[in-house]
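Student: For reference, the sequence and a predicted model appear below.
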Amino acid sequence: MPAPPLNRILFVEDEVDIQMVARLALEDIGGFEVEVCGSGFEALEHAPRFRPELILLDVMMPDLDGPATLHALSCQPESAATPVVFVTAKVQSYEVSEYLDLGAIDVIVKPFDPMTLADRVLEIWRRHHHEA
């Protein structure tokens with residue numbers, strides 16, 4: 001059975017330059033509707049209203065980091081079942097294992113290639129729904 005279509009992505013990242021590149025890559029190249037949040041707290045506020053189908057979440061953020069944000073999102077009824085992909089430069093094998101153990105479905109390595117980001121996201125989405 002094919003994966004359901006992916007339309008809405010919540011992108012959580014504290015660095016403005018990365019926010020802009022990701023938004024362009026996901027909206028202009030991928031055709032997705034993207035809501036960008038600059039912090040974990042903002043993500044917790046926006047996720048219930050935006051109802052993303054997928055969340056791309058930076059690991060290293062001030063105040064509320066990616067793992068803490070993932071935990072808090074999983075406690076919100078509106079986002080508890082929403083798949084999360086961590087986006088990070090910290091990708092040693094033990095770190096990736098930790099992210100997956102926390103509940104992330106995959107990891108996208110920073111810096112990412114803007115030209116292939118949408119394809120990578122779709123590949124993760126399809127694999128997640130195939131395995132689910």
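Tutor: Nice, thanks for sending it over.
Student: any low-confidence regions in this protein?
Tutor: Residue ranges of the chain with pLDDT under 70: 132.
Student: biggest helix in it by residues?
Tutor: helix 114-131 (DSSP state H).
Student: Based on its surroundings, how many neighbours for G30?
Tutor: By other CB atoms under 10 Å, 18 other residues sit near G30. (Glycine included, C-beta is placed from N, CA and C.)
Student: Go ahead and confirm it touches R120.
Tutor: No: look at G30 against R120 with CB atoms under 8 Å: they stay out of range, at 9.8 Å.
Student: And S39, how far from T88?
Tutor: If you measure S39 against T88 using CB to CB, to the nearest Å, the figure is 16 Å.
Student: pretty sure T69 is in a helix, no?
Tutor: Yes: counting by DSSP: H, G, I helix; E, B strand; the rest coil, T69 is located in a helix.
Student: and the gap between the residue lying closest to it once chain neighbours are set aside and H129?
Tutor: Spatial nearest neighbour of T69, excluding adjacent residues (CB to CB, 6 or more residues apart in numbering): G40 at 3.4 Å. Counting by CB to CB, the separation of G40 from H129 is 26 Å.
Student: helix or strand for the residue positioned nearest the centre of the chain, which one?
Tutor: A centroid search over the chain (CA atoms, centre = their mean) returns L56, at 1.0 Å, as the residue closest to the centre. In this assignment (DSSP states H and E), L56 forms part of strand 54-58.
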